[in-house]
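Undergrad: Need coordinates for the below:
(chains A and B)
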Amino acid sequence: DAKTTQPTSMDCAEGRAANLPCNHSTISGNEYVYWYRQIHSQGPQYIIHGLKNNETNEMASLIITEDRKSSTLILPHATLRDTAVYYCIVAPYTGRRALTFGSGTRLQVQP
Amino acid sequence: EADIYQTPRYLVIGTGKKITLECSQTMGHDKMYWYQQDPGMELHLIHYSYGVNSTEKGDLSSESTVSRIRTEHFPLTLESARPSHTSQYLCASSVPGQPAFFGQGTRLTVV
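TA: Model (predicted):
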């Protein structure tokens, strides 16, 4: 699976948008971008995934660059409960391999 | 939200004891996974299964064993627990084309 690079940590003010970047310059054509988050060592929670088009759901938006070498997860109105470690993962959509987690970005939402 | 359950949530046990961590899912998912995560560290895949009677070792070597006799059940066993086994164990499941969903984890402490 392609490797991803994320900032170690970020801060965001409560109520503001949180923009979490991810670089995946070696992504291949059949690989999707997945985002998960882990709140205080609970089980990782699925957020969103996409291939090349921008995606939005009730939790977040995913913006993927045209060359697919990077993406940004957007939490439109961050709350204190969004404080977590966010993982960007690249993997084939129907692959037999399990997801490989890196170290992620620790997002701290400040009051 | 995903229906995947892990029991117990917390376990403190003495060295040398045999333990089984339970993981069950009610979604009929073929693929199931066990990850291990030390506090503040990355998740590492230790076992996975693609279906009944299928089990494979993951990326991180583990002294634990798993079985998959029923689709919905994927227990992890440690024959003789040691303090080095102290960690959080996370179970997940998925079907092809869908994101993996995680349980809440079992936090194991071996004293």
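
Undergrad: going forward, measure contacts between C-alpha atoms and count neighbours the same way
TA: Noted.

Undergrad: residue with max distance from the center of chain B?
TA: Within chain B, the residue lying farthest from the chain centre (CA atoms, centre = their mean) is residue B:97, at 21.7 Å.

Undergrad: Helices along chain B, start to end?
TA: Taking DSSP state H as the test, none of chain B falls into helices.

Undergrad: Please list the residues of it that sit near chain A.
TA: By CA under 8 Å from any CA of the partner chain, the part of chain B that sits against chain A consists of B:33, B:39, B:41-45, B:48, B:50, B:90, B:96-105.

Undergrad: change it to 6 Å
TA: Proximity of chain B to chain A, by CA under 6 Å from any CA of the partner chain, involves residues B:42-43, B:96-97, B:102-105.

Undergrad: hmm, the helix or strand encompassing residue A:10 in reach of chain B?
TA: If you go by DSSP states H and E, residue A:10 is part of strand A:9-13. No: judged by CA under 6 Å from any CA, strand A:9-13 stays clear of chain B, getting no closer than 13.1 Å.

Undergrad: Can you list the strands that that strand pairs with?
TA: Next to strand A:9-13 in the sheet, as set by DSSP bridges, lie strand A:105-110 (parallel).

Undergrad: Please list the residues outside the strand it pairs with that contact it.
TA: A:7-14, A:80, A:83-86 (CA atoms under 6 Å, 6 or more residues apart in numbering or on different chains).

Undergrad: This completes my enquiry, with thanks.
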